[in-house]
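[1] Need a 3D model of the following:
(4 chains)
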2 protein chains.
Amino acid sequence: MKNLRLKAARAGKDLSQDQLATLCGVSRQTISAIEKGDYNPTINLCIAICKALDKTLDELFWE
Amino acid sequence: MKNLRLKAARAGKDLSQDQLATLCGVSRQTISAIEKGDYNPTINLCIAICKALDKTLDELFWE
DNA sequence: GATTTTTGTAAAATATACTTGACATTATTC
DNA sequence: GAATAATGTCAAGTATATTTTACAAAAATC
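    Numbering: from 1, shown residues only, chains lettered A, B, ... in the order given. Next up, the predicted model:
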């Protein structure tokens, strides 16, 4: 299942996958895979993504 | 940094590390390491832990 | 206080998150 | 509509999350 909330939050900050990846210290492919959904990222990466997008874990990753 | 909120939530459910591990489908050492804090679990495991303890991601893993 | 349960911890092996590089496709912008 | 930026995706490699086995220490139970 795709993570559309993440995609929307990133769009809300006007960031490309590449820019978000740089902010989080990971590769663009990793961000792409997380948005695509067939992926199980680490909590530290999720937290980094949330901070970059001014969101919380519940807002982006809770079901 | 230790995850004392996790430890407290587990105690609140009267579960041993081993019991929580079984509920989450991981080994006892994994739960121990997460509580100890020198660890970076995957988001799926964090979600499984939260569900087992009736907590949300923000309650147990947000800073 | 002996027994059992729970927890801390460590080493070696396995599974998988993440990277790098590369190319194709789709959207933007001029 | 050509040029550029953004995204999807794949294969091979590296880093690290997680398992297994095992033993010792601490806590709980009798």
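
[2] just checking, what's the longest helix in chain A?
    Counting residues, the longest helix in chain A under DSSP state H turns out to be helix A:43-53.

[3] Output the set of residues of chain A in proximity to DNA strand C.
    A:21, A:25-30, A:33-34, A:39-42, A:44-45 (C-beta under 7 Å from any atom of the strand). Just so you know, the C-beta spots here come from the backbone N, C-alpha and C atoms, and that holds for glycine as well.

[4] hmm, back to that, tell me what angle the longest helix of chain A forms with helix B:43-53.
    Calculated by axes from the mean of the first three to the mean of the last three C-alpha atoms, to 10 degrees, helix A:43-53 forms an angle of 100 degrees with helix B:43-53.

[5] From the residues of chain A next to DNA strand C, list just the buried residues.
    Neighbour counting with 16 or more other C-beta atoms under 10 Å in any protein chain shown marks A:21, A:26, A:30, A:34, A:41-42, A:45 as buried within these.

[6] Residue A:18 touches residue A:26, doesn't it?
    No: counting by C-beta atoms under 8 Å, residue A:18 does not reach residue A:26; the two are 10.7 Å apart.

[7] What is the nearest of the buried ones among the residues of chain A next to DNA strand C to residue B:9?
    Among those, residue A:42 lies closest to residue B:9 (C-beta to C-beta), at 20.4 Å.

[8] which residues does the closest residue to the closest one other than its chain neighbours contact?
    Among residues not flanking residue A:42 along the chain, residue B:40 sits closest, at 4.7 Å (C-beta to C-beta, 6 or more residues apart in numbering or on different chains). By C-beta atoms under 8 Å, 6 or more residues apart in numbering or on different chains, the contact set of residue B:40 is A:42-44.

[9] Good, wrapping up.
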